[in-house]
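In: quick one, fold the following:
(one chain, ligands or ions: 1)
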Amino acid sequence: MITFALSKGRLAETSAELLGACGVDTAVLKEDTRKLVLESADGGYRFFLVKPADVPVYVEAGVADLGIVGKDTLIEEGRDLYEMLDLKAGECRLCIAGYPARRDVLTNPHLRVATKYVNTARRVFADREEIEIIPLHGSIELAPVTGLADVIFDVVQTGSTLKANGLVVLEEVFTGITARLVANKVSLKTKAEELLPLIARLREAVS
Ligand code: PRP
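Out: Numbers count the residues shown, from 1 in each chain. Model prediction:
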């Protein structure tokens, strides 16, 4: 049996489609259920549905053999696992964003940055003497709108959330943020016979 940790949210549908196209029985992923552990009818696959930030945790620990998660999360979490494949789906960018008329805030000696990517933001702003990172868990765009922060450091996909809130990208920091297939290091050795053919099929499907 192969165990997957899959991201709930925006990557959920893409992950199921991709795996389905590679012969994984994903019918159970379409069920409307609150169950967190799902098993394919053929008994070949088990799926854990977790928050994106938790996918690398399950895969690093070996509780899941494989995971599908955004590169943004991998950068932020910095876990000890193998990144096997760029699934070329869900492309977005990690950006600094704020009000267009207030671009000069970036030169402020003291800058307040709201983000859910706290570790990454600390690295991005490492050369600044006075930086205040404000950790948030969602609706990040609300922070500059309400005056909680000067700018945000966040993922931008279509740009519609920024636009709807009168904000713009001030600086692109990481581009090519896509969904990645990750693997547990031990599973890749001990379950190579099961995992490698599936990884090869996925590679073929995305290329
Ligand atoms: C992300 C991100 C932005 C939005 C960007 O939030 O934090 O708010 O998506 O996408 P867009 O450029 O297509 O508008 P998400 O939808 O994951 O929800 P969250 O606010 O709960 O973090």
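In: partner residues bridging the residue sitting nearest the centre point of the chain?
Out: Nearest to the geometric centre of the chain sits residue 70, at 2.8 Å (Cα atoms, centre = their mean). On the basis of DSSP bridges, residue 70 is bridged to residue 179.
In: mind pulling up the pLDDT for it?
Out: Residue 70 is assigned 97 on the pLDDT scale.
In: so where's the protein shaky on pLDDT?
Out: The chain contains no residues with pLDDT under 70.
In: contacts for the longest helix seen in it next, please.
Out: When the chain is parsed with DSSP state H, its longest helix is helix 192-206. Outside of helix 192-206, the residues that reach it under the criterion Cβ atoms under 8 Å, 6 or more residues apart in numbering are 2, 18-19, 21-24, 65-66, 84-89, 181, 183, 187-188. Glycine gets a C-beta too; all of them are placed from N, C-alpha and C.
In: one more time with 6 Å, if that's ok
Out: Contact partners of helix 192-206, identified using Cβ atoms under 6 Å, 6 or more residues apart in numbering, comprise 2, 21-22, 84-85, 87-88.
In: adding neighbour count, secondary structure and distance to the ligand as columns, could you present those in TSV?
Out: Below are these laid out as TSV (neighbours: other Cβ atoms under 10 Å; DSSP: H, G, I helix; E, B strand; the rest coil; distance: Cβ to the nearest ligand atom, whole Å):
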residue	neighbour count	secondary structure	distance to the ligand
2	18	strand	27
21	14	helix	24
22	18	coil	25
84	18	strand	24
85	21	strand	22
87	22	coil	17
88	14	coil	17
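In: turn those residues into CSV, columns for distance to residue 127.
Out: What follows is those, written out as CSV (distance: Cβ to Cβ, whole Å):
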residue, distance to residue 127
2, 43
21, 44
22, 43
84, 33
85, 33
87, 33
88, 32
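In: how close does the closest residue to residue 23 other than its chain neighbours sit to residue 51?
Out: Among residues not flanking residue 23 along the chain, residue 201 sits closest, at 6.4 Å (Cβ to Cβ, 6 or more residues apart in numbering). Using Cβ to Cβ, to the nearest Å, we find residue 201 at a distance of 27 Å from residue 51.
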